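> here are the coordinates; sequence isn't available:
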């Protein structure tokens, strides 16, 4: 996939949501300057197939809808913004981010100095930004189909006013 159609998408729900005719991606960031959605062929891919600028944002949620994407697609985000560790801001678009709302991930972390957003062992400790790409060594988020097929199962047909609802915490 070298190019992909994009639509505006929706700010809710957060994460990647399969809607039957494509996938809506939504990511919250209060201070991001830009967001890119990265699509991958497999979990071991060293770089993305395509980067899609996410240009729409509503109430601090960046969003895009991709009509050609299906469940099983691997993805991650690259987010740009200020790198100011003293203020708690460590944006680094060289680092691939998992979707915090992902319902599945693929791959494993291959620990190396590139995984950190700063230069490990640098003179200024964690204040110097590391611009090396880390996509080769981080897991990818996976789009899933959240639907569940109940098969031949039917509702029990018990009216709510005759039901008892309880909660149990087993240890």
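Now that the structure is in, tell me what you want to look at. Keep in mind that this is a model prediction, so the values were computed, not measured.

> and stretch 89-104, how far apart are its ends?
Stretch 89-104 has an end-to-end distance of 27 Å (criterion: C-alpha to C-alpha, to the nearest Å).

> make sure residue 49 is actually in contact with residue 41.
Yes. Using C-beta atoms under 8 Å, residue 49 makes contact with residue 41 at a distance of 5.7 Å. C-beta coordinates here come from the backbone N, C-alpha and C atoms, glycine included.

> not counting sequence-adjacent ones, nearest residue to residue 139?
Setting aside the residues directly before and after it, residue 139 is nearest to residue 107 in space (C-beta to C-beta, 6 or more residues apart in numbering), at 4.0 Å.

> wait, the one you found touches residue 44, no?
Yes. The pair residue 107 and residue 44 qualifies as a contact (C-beta under 8 Å) at a distance of 6.6 Å.

> more neighbours: these two, which one.
Using other C-beta atoms under 10 Å, the more surrounded residue of residue 107 and residue 44 is residue 107, with 17 against 13.

> who touches that one in this structure?
Contacts for residue 107 were tallied using C-beta atoms under 8 Å, 6 or more residues apart in numbering; they are 43-44, 138-140.

> quick one: the residue nearest in space to the middle of the chain from residue 78, how far?
By C-alpha atoms, centre = their mean, the chain has its centre lying nearest to residue 99, at 2.1 Å. Separation of residue 99 from residue 78 (C-beta to C-beta, to the nearest Å) stands at 12 Å.

> also residue 122?
Using C-beta to C-beta, we find residue 122 at a distance of 22 Å from residue 78.

> can you check residue 27 too?
Taking C-beta to C-beta as the criterion, residue 27 is separated from residue 78 by 11 Å.

> which neighbours do these two have in common?
Common neighbours of residue 27 and residue 78, counting by C-beta under 8 Å, 6+ apart, are residue 35.
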